[in-house]
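Student: got a predicted structure plus its sequence, pasted below:
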Amino acid sequence: MSSLETLRAALAPAGMNLVGVVAADTWDAHAPAAQQTETLLAGAKSIVVFGNGGGALWKSFVADITEHTEHLCEELHPLDAFVRRSVKRADAALGEIRRRWFYSAATETIHLDFRKLGWLAGLGSRSRLGLLIHPTYGPWIGLRAACFLDAPWPSDDGLVPDLCDGCPAPCVKSCPGRAFPDGRWDVDSCSGFKRASDTCRSSCAAREACPLGREHRYPDLAVAYHNHRATGRSALAASIGIAPGADRFQGVGPHWDDWRKRVGIRAKESGT
Ligand code: B12
Ligand code: SF4
Ligand code: SF4
């Protein structure tokens, strides 16, 4: 088995079932200097990108926190921590290859543009929703980790064609927050609405309206967890029998505005 296959097999049980490879030159041609391979891992030849399609990651995560309740109670961002532990375990598959891992968590100090990375890795197309959407899983995918490697792994052929092409855009019509002022998702309109109203607390009507990958929608608890960290997290804790008060981070809110400040939103549109 190649190192890629071994790594893929090691991360699949954690629910990271989407894998794509980008050639270093391709990434460098699309990335700002601070995110190019020369800066992040000089000599890197390829980048492998891991994501999750549908509820597989959530299922593995819930199994893990059910068995080890401290993985929920003691972590500020338990799902991100689960991803990191899973990657650390799988990393041995890379043997002596020089590499550097990056994560998509909002608390990272280096924010790779994971949607762009996923797109270049052939994991989906850009969408009106602002999310990368996948031919099978639609908007129900997450991008989790990427590894810059000093190894020329074969990259995936071609980009996924525009999956919004020809769609009557129910996402736009169903958004109560008018967050698509020019027909595409706008972060300020969306976060402004979320600040002013609780309507989108447990789910995003625009994401729910996309016809692609409906059967792969995340479980309700996962949707709630991603949409509102405080209420979603308490519902998750209750569902696995964690007593109220046992979770050190119960009540931690969604931090939308904090995250945006941290990553210096908005980066200039690259047009790619
Ligand atoms: C900060 C952050 C936020 C902030 C700000 C969002 C934003 N627009 O940047 C807030 C808190 C508001 C937020 C909200 C959400 N986020 Co968010 N967020 C991030 C984070 C941590 C950093 C994003 C970043 O660096 N932004 C700075 C620059 C890059 O942003 P930008 O200028 O808006 O981005 C433009 C470029 O990407 C450019 N672009 C250039 N080339 C290409 C190519 C493609 C294919 C695409 C799509 C875009 C693109 O167009 C973009 C849009 O104008 C990323 C993880 C990561 N490291 O990428 C997750 C991430 C983007 N978020 C994600 C998700 C799922 C969400 C939410 C749905 C939350 C939820 N409930 O689950 C919402 C709604 C997002 C939406 N509709 O786009 C996913 C997206 C997965 C996917 N399928 O695309 C990511 C990748 C995290 C993950 N674990 O998968 N998020
Ligand atoms: S979270 Fe609400 S306001 Fe934002 S895009 Fe979704 S439906 Fe619209
Ligand atoms: S509903 Fe249609 S336009 Fe909107 S994101 Fe899905 S495919 Fe694209």
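Tutor: Thanks, I have the structure now. Ligands and ions are numbered 1, 2, ... in the order given.

Student: what sits against Gly192?
Tutor: By Cβ atoms under 8 Å, 6 or more residues apart in numbering, Gly192 lies in contact with Gly177. C-beta: built from backbone N, CA, C; applies to glycine.

Student: roughly how far does it sit from Pro170?
Tutor: Between Gly192 and Pro170 the distance, using Cβ to Cβ, to the nearest Å, works out to 22 Å.

Student: secondary structure class for Thr107?
Tutor: Remark: Thr107 carries the secondary structure label coil [criterion: DSSP: H, G, I helix; E, B strand; the rest coil].

Student: thought it was touching His77?
Tutor: Yes. With contact defined as Cβ atoms under 8 Å, Thr107 reaches His77; the gap is 6.3 Å.

Student: more crowded one of the two?
Tutor: More crowded of Thr107 and His77, by other Cβ atoms under 10 Å: His77, with 17 against 13.

Student: roughly how far apart are that one and Phe249?
Tutor: His77 sits 9 Å away from Phe249, going by Cβ to Cβ.

Student: ok, now His111?
Tutor: Counting by Cβ to Cβ, the separation of His111 from Phe249 is 22 Å.

Student: neighbour-wise, which of these two wins?
Tutor: His111 (19 against 16).

Student: so which helix or strand takes in the more buried one?
Tutor: Element membership for His111, per DSSP states H and E: none, as it lies in no helix or strand.

Student: per-residue confidence at it?
Tutor: As predicted, His111 sits at a pLDDT of 91.

Student: number the chain from 109, please
Tutor: In the new numbering, first residue 109, that becomes His219.

Student: I'd assumed Ser297 was in contact with Pro289.
Tutor: Yes. Taking contacts as Cβ under 8 Å, Pro289 lies within contact range of Ser297: 5.9 Å.

Student: more neighbours, these two?
Tutor: In this comparison of Pro289 against Ser297, neighbours counted by other Cβ under 10 Å, the higher total goes to Ser297 at 16 against 11.

Student: so what secondary structure elements neighbour whichever strand or helix holds Ala254?
Tutor: Assigned by DSSP H and E, Ala254 belongs to strand 249-257. Packing partners of strand 249-257 (3 or more Cβ pairs under 8 Å, 6 or more residues apart in numbering; DSSP states H and E): strand 154-161, helix 186-198, strand 207-211, helix 222-228, strand 240-241.
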